[in-house]
Every structure is written in C-alpha cells, then in structure tokens.
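*Asks:* just a sequence and a predicted model for now, questions to come.
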Amino acid sequence: MFNNWLKIAFINYKKNWLSTVINLFGLTVGLTGFMLILMHWNDEESFEKWNPKKDNIYYFQTYNKKENIYGAAISYPLAENASKRISEVQDYVLITNNGIAYKMITKNKTAYVEEGFMVSDNFFNLFPFTLAAGSYKEAFKNDNNISISTGTAKKLFGKTDVVGETIKLNNKDFIVTSVYELPKGNSQIKPEFVIKPAEQLKNDKEQWGNFNYAGFFLLKKDADPKAFERKFQDIIMMRAKRNSKNTGMTPQQYIDTYGPTSSILTSLDKIKLHAESSWFGKPDFKTLMILFALSVLIVILSAINFINLKTAQAAQRAKEIGVRKAIGSTKSKLILQFLLETFVICFVSYLLSLALTELLLPSFNKFYEKEIVMDDWHIYFYSFLMVILVTLVSGLIPATYLANFKAIETLKGNFARSKHGIWLRNGILTLQLIISSFFIIGGLVISQQVKYMMNKDLGFNGNQIFQINFNDYSNGKPWLKYERLRTEMAKIQGVESISYGEAPPGTNNYSSSNMDYMNTSINAQHGSMDYGYLQFMGVKLLKGRWLNPKLSSDTINSALVNEAFVRKFGWTNDQAMKRDIRPGFDYKPYHIVGIIKDFNIRSLQSEVEPMIFFHYRETEWKRFNMNNIQLKLKADDIEGTVKRLKSYWMDNVEPGYPFDSYFIDKKFAKTFERYQKQQTLFTILNAMVLMVALLGLFALSSLMIEQKLKDVAIRKTLGASDGILIVGLTKQFLWITLIAVLISIPISYYLMNEWLKDFAYRIDMPVWPFIFSLFVLLLLTFVVVSIKAYQATKVNLVKYLKYE
C-alpha cells in the first residue's frame with residue numbers, strides 16, 4: 001500500500017511538474033529564511049549559558065517613572081546597601097570601564113592589550129572562569145593585582161604559568177595573581193585582563209548619585225528576584241532621605257524628581273535580548289521577533305501555494321478518488337495518502353534548504369558579524385518541526401477537501417460543478433496577496449524612514465573632522481597633553497584647525513548629572529570642551545554669545561545650553577539667559593551665557609537630550625577625563641594629511657599604541673547601520689515573498705485557465721476577440737488582488753506606525769506606498785495571469801469542440 005501511494009505521488013509530481021517545481025522552490029526559500037533567522041535567534045539566546053551560576057545571577061537596572069527611562073547602571077552605595085539589607089542577596093559585583101586597553105610592558109616583550117575590565121572584589125565568584133594558574137581567593141588582595149586570560153599570558157610571556165610575574169601599565173607595576181581561560185560559548189563578559197579600580201571605588205563609596213557601574217547580584221538559591229525588587233524600594237528611600245535634607249523636598253518628592261523610582265532584575269542569560277537597558281549595548285528583541293515573524297510568513301506563503309495548487313488540481317484526482325472509494329478505501333486512508341504526498345515534497349524542500357542554508361551562512365555571518373555554525377541540534381529539531389507543521393497545514397486542508405468527494409458524483413463527472421474548492425482557493429489566494437501587499441508597503445515605509453534619517457539636518461557639520469583618541473594616560477594630566485598637541489599638530493601640513501569636545505557625535509562618549517534651579521531639577525548631558533568647539537563643529541548659536549577665552553569667567557562658571565535644555569525647564573530663551581543653574585557635578589552655580597540650536601550626538605532614534613557646554617578647565621575631574629583631540633583637515637589632500645598625522649602620532653605621541661582614529665561624519669553614519677540592515681533584510685524578504693507569491697499565482701492561474709479552455713474555445717467560436725477573452729480570464733484575479741490590498745492597508749498602517757514609534761524623528765505615514773502597492777500588485781497580477789490567458793486564446797478549437 002505504501003509503495004503504491006509513493007508511485008502515485010511521483011506520477012502526479014511528474015504530471016504537474018510546474019506545480020512541483022514551484023512548491024519545492026517556495027518551501028525551500030521559506031525554510032531557508034526560517035532556519036537562518038532561527039539560528040540568529042538561537043545564537044542571541046546562547047549568551048552566558050556557560051556560567052554555572054547563571055540561574056541565580058541577575059543584572060540590575062533602574063526605572064524612572066517621571067522620565068519613563070530605564071537605566072543600566074547602579075551606584076556603589078546602592079549596591080553595597082542592597083547586599084547588606086536585602087536577605088535574598090548572597091554576593092554582588094560591580095563592573096566599570098569594560099573595554100579598556102593598555103600598553104603592557106613585561107621583561108619579555110611589550111604589547112597593547114584591549115578588552116580589559118575594571119571590577120570589584122568578588123568578580124570571579126559570579127563569573128567563575130576556568131582557572132589555568134594561581135588562585136581567585138586573593139585575586140584582588142592588593143591594589144596592584146591583575147588577573148589575565150590565557151591569551152593575554154601567551155601574548156605577553158609566551159606561556160600561561162605566569163603567576164607572580166610583573167606587568168607594567170600606566171607607569172605602575174602590577175603582579176599577576178591568576179590566569180584564566182575565557183569561556184568558549186557566547187558571552188558579553190570576556191575580559192582579557194581584570195583589575196580593581198581601588199581609587200575609584202574608594203572615592204565612590206559615599207557617592208549615592210554616581211551611577212558608574214554595571215551591577216550583578218548573586219541571589220541565594222530559590223530566592224525570588226521580585227522580593228529583591230520590592231525590598232530595594234527601601235534602599236531608594238534611604239538614598240532619598242539622605243539627599244533631600246537640604247533641598248526643601250520630602251524624600252518622596254526627591255525620588256519623583258531625581259529617580260530612580262524602582263528597580264528591575266534580569267537573569268544573566270537573558271541580558272543580551274531581554275534586558276530593558278544594558279551596560280553592554282541596547283537589547284533588540286523586538287527587531288528579532290519582527291524578522292522571525294516575517295520568516296514564518298514566507299513559510300506560510302509557501303504553504304498557501306501548496307494548498308491552492310493542490311485544490312486546483314482536484315479535478316485531475318476526482319475520478320481516482322471516486323474509484324478508490326468505490327473499491328473500499330476509507331476517508332482516513334485517503335487523507336494519509338495525500339499527507340504522504342505533501343510530506344515528500346516538504347522533506348525534499350527541507351533537505352534542499354539545509355544545503356542552501358549552509359551555502360548562505362558565510363554571507364549571513366558577515367552581515368551580522370557572527371560566527372554561527374550549524375552544529376546545534378535545536379536548529380534541526382525546530383526546523384524539522386516546522387516541516388511537520390507545514391505538512392499538516394498545507395497537506396491536511398487539501399487532503400480533507402479531496403477525501404470528502406462523493407464517489408458517485410465524481411464517477412458521474414459532476415465534480416466540476418462544486419464551488420467549495422473555488423471559495424477555498426480564492427480565500428487562500430486573498431490571504432497570500434494581503435501578505436504580499438504588507439511586505440511592499442512595509443519595505444517602502446522603512447526605506448522612506450531610513451532616507452529621512454540619512455538626509456535630516458543633524459545640527460552639526462562633521463565633514464573633514466578627524467578624531468584621534470588617547471590611549472596613553474601615563475603622564476596623569478591629559479589636558480596638558482591635549483594643549484601641547486594642539487600647538488604642535490597645528491604645524492602639520494593639511495591641518496586647518498584643532499579643538500576638543502567631550503561628547504563628539506556618534507561616539508557615545510558622554511556623562512550626565514542633575515541640573516538644579518531652585519526646586520526644579522532635570523538630567524542633562526555634559527559637554528566639556530575647548531573654546532570654539534561648537535563653532536568648529538558648525539553648530540548654530542540662537543541667542544547670547546560663545547565662550548570667550550579673553551573673559552576669565554568663561555573658565556570658571558559660564559555655560560551654554562541647547563534648546564532641549566531650555567524646553568526641559570519650561571523656560572523661554574530670554575528667561576534662560578537670566579538663570580544660574582547648579583550642576584550636580586559642581587557646587588558652584590553656572591551662568592547661562594548662550595543658547596545653541598539642538599544637534600544630535602547619538603542616533604536619530606533618540607531625541608536630542610538636554611546638554612550643558614562649558615570649558616574643560618572649569619571642573620577638575622573633566623580635565624582628568626579628557627580623551628581625544630579633533631582636527632579639521634583641509635580638503636585638498638585628506639589622505640596625505642591622515643598619513644602625516646598617523647606617522648607623527650605613532651612616532652612622537654603614543655609609540656607602541658594603535659592609532660585609534662576616525663572621521664566624525666563616518667562614525668555618526670554607523671548609527672544608521674542597524675536600520676540600513678533592517679532595510680536590506682526587508683528588501684530581500686520582500687523579493688522572496690513576491691517571487692513565491694507570483695510563481696504560485698502563475699501556477700494557480702495556469703491550472704484554473706486550463707480548466708476553462710473549452711469555454712474559451714466556445715467563446716472564440718462565437719466571435720470573442722483575444723482582448724475580451726484575456727480580460728475575462730484575468731478579471732477574477734484582479735478583483736481578488738484589489739480586495740486583498742484594501743484589507744492589507746489598515747493592517748499595514750497599524751503595524752508600520754507601531755514600528756515608527758521607536759523613532760524620535762520619524763516621517764509622517766506616507767500615502768503613496770499604499771497606492772503603489774495597489775497598482776504594482778494589480779499590474780503584476782495582470783501580467784502573470786495574462787501570459788497564460790494569452791496562450792489560452794491560441795487554443796486549437798477542433799481539439800476542444802470536436803465532440804460538442
């Protein structure tokens with residue numbers, strides 16, 4: 001019986017070869033897209049799985065209800081008090097300055113080592129890397145202790161057994177206490193070396209408002225993280241009582257004004273995708289879910305093709321079913337037979353998709369900057385599960401439909417008069433075209449939004465501005481280094497002007513604090529800078545004046561603010577010019593001497609934040625945090641100027657360090673990469689959807705028109721022209737397309753409007769993509785169907801009418 005079913009299946013595959021090829025192509029493409037996105041999702045979910053304590057380690061985040069902002073950091077006193085006062089806490093660790101780099105000098109060699117972490121004492125208790133040498137118990141016993149990875153040990157010493165060896169960095173000797181192996185699995189926490197920032201921890205011990213650390217809490221076994229969150233409210237209130245004493249506010253008013261209002265814990269292995277905010281980069285689960293849903297839609301489209309083509313071929317199988325029923329075949333056996341035919345196609349498509357996925361994987365990895373390999377059984381299991389699901393969905397509907405034929409009717413030849421199959425095909429075709437319309441509209445809206453961001457006036461001009469970052473801080477006074485270089489590098493041929501800014505666009509280099517005026521407070525970004533920096537960047541002055549080096553007050557307590565700063569306080573520009581504000585980073589009042597036009601320093605997805613600009617010498621700690629020099633290059637020989645700058649830097653400024661540099665406009669352009677990738681993916685998926693849908697439409701129209709060839713022959717004999725016949729054959733499909741697009745318009749509008757809500761600067765929903773989708777689908781439908789319709793008008797009349 002089974003062999004007989006397979007023989008019949010292959011006979012039908014061969015007989016309807018076009019349908020077979022289209023089904024194989026559609027399912028292969030759909031399953032390939034599904035597997036690639038599934039592997040991407042699986043890879044993102046695999047972070048931190050190596051950690052044996054992952055189930056009890058939680059990442060700390062804050063929430064400010066007033067601003068509706070999630071924070072990724074914690075202050076030292078908040079973490080310390082939480083560990084002492086919340087019974088669920090077993091241990092905690094603080095991480096700051098991840099990604100640091102130093103030139104390390106040993107007795108063997110000198111090397112530049114990147115990706116270092118600064119951490120508090122119990123780091124290895126929460127992140128127990130495999131120990132290669134030494135001990136974790138006294139890893140940070142002294143301030144000059146350092147732990148290094150096996151890779152760093154080999155790089156510096158040529159071996160891993162280096163406990164007790166000395167490494168010099170920043171003119172200070174560090175003793176190696178332990179050597180560890182980095183985890184092989186995905187992790188955001190892979191430090192090449194680890195040191196303890198003893199001085200910083202000491203200074204921050206009583207600084208409740210210095211949110212300078214990523215906080216991780218190890219909870220006791222079976223402890224409830226929600227209990228921690230509830231009890232942390234007491235720690236928040238403790239901070240508010242302490243800090244509100246001299247403000248005239250009640251503790252609750254202080255919390256409502258400054259925040260945070262609550263806390264959130266996220267499991268260690270969920271940080272990468274599911275944290276509300278992260279120290280290691282913004283989670284993007286929403287985009288991943290959109291991609292996954294779109295990949296599933298393509299599989300559904302392929303299944304729709306299968307269902308449509310199978311039901312359209314029903315007339316060919318009607319007598320076969322009638323005969324089988326007449327000789328005793330049951331309905332369940334017929335359903336199993338048709339399910340087997342579907343499974344064979346799906347399984348072959350699955351094998352083809354595995355090969356295609358392997359072929360496309362290198363390009364996919366390059367696109368996402370990953371190193372995914374097809375070695376995880378979950379991928380095969382879930383993709384095969386999808387094959388079974390597609391088999392059941394795309395096989396069961398036509399199988400049930402075909403098995404319900406009445407033997408007596410089909411043997412009499414009355415099947416053709418049944419309209420059940422027509423309604424089923426038309427309904428499913430409508431669904432397919434709704435999805436196709438959504439992809440066209442969505443692709444155009446994404447393209448318009450990305451184009452809008454690329455062309456938007458950013459409020460600054462980063463052309464020809466070249467930034468070089470400091471790597472060597474050994475002299476301890478980076479502002480003196482900058483001032484010396486400002487004089488010396490101005491002599492290099494091709495350099496037009498030089499300046500410094502703490503927060504260059506596109507670099508994410510910024511810090512913030514509260515800004516107080518009487519009983520009102522806002523949070524604002526800092527923009528310590530050199531004189532003339534804002535003019536250097538092409539920023540526009542709206543009111544007041546620039547900072548002036550000839551005025552002594554401009555190195556003491558003068559500041560400029562942006563429009564967002566003024567709006568946040570609810571002032572007019574005239575009112576702002578009369579105000580003195582008190583920043584949280586300084587005890588003295590700062591007088592506003594100018595208001596500048598808003599300009600973006602981050603992605604256009606975010607609104608321009610309130611910013612205050614002042615000279616770097618106005619505050620001591622800002623001087624010590626200076627980390628770059630920016631040079632505007634003349635346009636006539638940019639490439640040659642960059643070579644001269646690199647040569648000078650490597651020989652005279654930081655020998656032995658990498659030349660960490662970039663053009664600011666290109667750096668800011670990288671903030672668009674995520675959305676450009678989304679646009680690219682949507683375009684690819686759009687092409688796949690249209691290809692699958694149109695091929696399915698062509699095959700379906702071919703089968704349905706073939707069933708009407710006798711009608712065509714009769715009409716042609718009665719004098720109908722080719723044009724009338726083509727319109728008559730295509731009219732039904734055009735009506736279905738029109739209805740599908742009209743249904744898709746409100747759905748597409750809602751979904752794309754939700755996507756646009758993520759952008760602070762967004763387009764108004766354009767009308768033309770909806771109109772374009774309608775005309776394109778009508779045109780493509782007409783072209784695809786009319787090809788077969790035109791062929792139908794050339795039928796041999798004798799062949800179809802000789803028995804009439």
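*Replies:* Thanks, I have the structure now.

*Asks:* in stretch 649-664, what counts as buried?
*Replies:* Within stretch 649-664, the residues that count as buried by 16 or more other C-beta atoms under 10 Å are 649, 653-654, 657, 660-664. For every residue, glycine as well, the C-beta is placed using N, CA and C.

*Asks:* which SS state does residue 466 fall under?
*Replies:* Secondary structure, DSSP: H, G, I helix; E, B strand; the rest coil: residue 466 is strand.

*Asks:* from memory it sits against residue 642, does it?
*Replies:* Yes. Counting by C-beta atoms under 8 Å, residue 466 touches residue 642, with 6.7 Å between them.

*Asks:* the longest strand in the protein is where?
*Replies:* strand 89-105 (DSSP state E).

*Asks:* sketch out the low-pLDDT regions of the stretch 201-350 of the chain for me.
*Replies:* Applying pLDDT under 70 to the stretch 201-350 of the chain flags residues 308-331.

*Asks:* nope, the stretch 601-750 of the chain is what I was after
*Replies:* Short version for the stretch 601-750 of the chain, where the test is pLDDT under 70: 699-700, 702-720, 722.

*Asks:* please enumerate the helices of it.
*Replies:* Under the criterion DSSP state H, counting those that start in this stretch, the stretch 601-750 of the chain carries helices at the ranges 620-624, 638-648, 664-669, 673-706, 709-717, 722-756.

*Asks:* got the contact list for the first one?
*Replies:* Think helix 620-624. Applying C-beta atoms under 8 Å, 6 or more residues apart in numbering, the contact partners of helix 620-624 are 477-479, 502, 526, 528, 585, 616-617.

*Asks:* among these, which lie within helices?
*Replies:* Under the assignment DSSP state H, the contacts of helix 620-624 contribute 478-479 to helices.

*Asks:* check the contacts of helix 620-624 for the minimum pLDDT and say which it is.
*Replies:* Ranked by pLDDT, the contacts of helix 620-624 bottom out at residue 585, which has 64.

*Asks:* distance of residue 125 relative to residue 217?
*Replies:* Taking C-beta to C-beta, to the nearest Å as the measure, residue 125 falls 12 Å from residue 217.

*Asks:* overlap in contacts of the two?
*Replies:* Shared contacts of residue 125 and residue 217, defined by C-beta under 8 Å, 6+ apart, comprise residue 91.

*Asks:* now, of the helices of the stretch 601-750 of the chain, which is deepest in the fold?
*Replies:* Neighbour counts (mean count of other C-beta atoms under 10 Å) averaged over each of these peak at helix 673-706, with a mean of 19.

*Asks:* list the helices and strands that helix packs on?
*Replies:* Helix 673-706 sits against helix 17-45, helix 285-312, helix 420-455, helix 722-756, helix 768-793, with contacts defined as 3 or more C-beta pairs under 8 Å, 6 or more residues apart in numbering; DSSP states H and E.

*Asks:* can you give the distance of that helix from its chain's centre?
*Replies:* 24 Å (C-alpha atoms, centre = their mean, to the nearest Å).

*Asks:* name the SS class of the spatially closest residue to residue 531 that is not a sequence neighbour, please.
*Replies:* Closest residue to residue 531 apart from its sequence neighbours, by C-beta to C-beta, 6 or more residues apart in numbering: residue 549 at 4.7 Å. The three-state label given to residue 549 by three-state DSSP is coil.

*Asks:* hmm, residue 549 is touching residue 533, no?
*Replies:* No. Using C-beta under 8 Å, residue 549 makes no contact with residue 533, being 11.9 Å away.

*Asks:* the two: which is more packed in?
*Replies:* A side-by-side neighbour count of residue 549 and residue 533, using other C-beta atoms under 10 Å, places residue 533 first with 22 against 11.

*Asks:* these two touch, right, that one and residue 497?
*Replies:* No. Assessed by C-beta under 8 Å, residue 533 is found out of contact with residue 497, at 10.3 Å.

*Asks:* A strand includes residue 61, no?
*Replies:* Yes. Judged by three-state DSSP, residue 61 forms part of a strand.

*Asks:* specify the beta-bridge partners of it.
*Replies:* residue 264 (DSSP bridges).

*Asks:* for residue 179, same thing?
*Replies:* residue 133, residue 148.

*Asks:* residues in contact with it?
*Replies:* Here residue 179 is in contact with 131-134, 147-150, 153, 160-163 (criterion: C-beta under 8 Å, 6+ apart).

*Asks:* so what does the longest helix anywhere in the chain touch, helix or strand wise?
*Replies:* Longest among the helix segments of the chain by residue count, using DSSP H, is helix 331-368. When contacts are defined as 3+ C-beta pairs under 8 Å, 6+ apart, helix 331-368 packs onto helix 2-15, helix 17-45, helix 285-312, helix 314-326, helix 377-403.

*Asks:* any figure for the gap between the spatially most central residue of the chain and residue 793?
*Replies:* Nearest to the mean C-alpha position of the chain, counting by C-alpha atoms, centre = their mean, stands residue 284 at 4.4 Å. Applying C-beta to C-beta, the value for residue 284 to residue 793 is 53 Å.

*Asks:* now do residue 206
*Replies:* When distance is defined by C-beta to C-beta, residue 206 is 89 Å away from residue 793.

*Asks:* the more surrounded of the two?
*Replies:* residue 793 (18 against 11).

*Asks:* tell me the predicted confidence for that one.
*Replies:* On the pLDDT scale, residue 793 gets 70.

*Asks:* that one against residue 725, yeah?
*Replies:* Yes. With contacts counted by C-beta under 8 Å, residue 793 reaches residue 725, the gap being 4.9 Å.

*Asks:* picking that back up, possible to save the helices and strands packed on helix 331-368 as a markdown table with distance to residue 566 and mean neighbour count?
*Replies:* Listed next are those as a markdown table, based on distance: least, C-beta to C-beta, whole Å; neighbours: other C-beta atoms under 10 Å:
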| stretch | distance to residue 566 | mean neighbour count |
| --- | --- | --- |
| helix 2-15 | 72 | 13 |
| helix 17-45 | 41 | 22 |
| helix 285-312 | 33 | 22 |
| helix 314-326 | 71 | 18 |
| helix 377-403 | 53 | 18 |
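
*Asks:* between those helices, which one is nearest to residue 774?
*Replies:* Taking C-beta to C-beta, helix 285-312 is the member of the helices and strands packed on helix 331-368 nearest to residue 774, at 19.1 Å.

*Asks:* could you check the angle that closest one makes with helix 377-403?
*Replies:* In terms of direction (axes from the mean of the first three to the mean of the last three C-alpha atoms, to 10 degrees), helix 285-312 departs from helix 377-403 by 30 degrees.

*Asks:* dump the residue contacts of the closest residue to residue 646 other than its chain neighbours.
*Replies:* Spatially, and ignoring its direct neighbours in sequence, residue 646 is nearest to residue 659 (5.0 Å; C-beta to C-beta, 6+ apart). By C-beta under 8 Å, 6+ apart, the residues touching residue 659 are 468, 646, 649-650.

*Asks:* could you redo the last one with a cut-off of 10 Å?
*Replies:* 468-469, 471, 642, 645-647, 649-650, 653 (C-beta atoms under 10 Å, 6 or more residues apart in numbering).

*Asks:* quick one: low-confidence residue ranges for the stretch 401-550 of the chain.
*Replies:* For the stretch 401-550 of the chain (pLDDT under 70), the answer is 401-422, 424-425, 508-510.

*Asks:* circling back to that earlier point, export the helices and strands packed on helix 673-706 to JSON lines and append columns for distance to residue 276.
*Replies:* What follows is the helices and strands packed on helix 673-706, written out as JSON lines (distance: least, C-beta to C-beta, whole Å):
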{"stretch": "helix 17-45", "distance to residue 276": "16"}
{"stretch": "helix 285-312", "distance to residue 276": "10"}
{"stretch": "helix 420-455", "distance to residue 276": "24"}
{"stretch": "helix 722-756", "distance to residue 276": "18"}
{"stretch": "helix 768-793", "distance to residue 276": "32"}
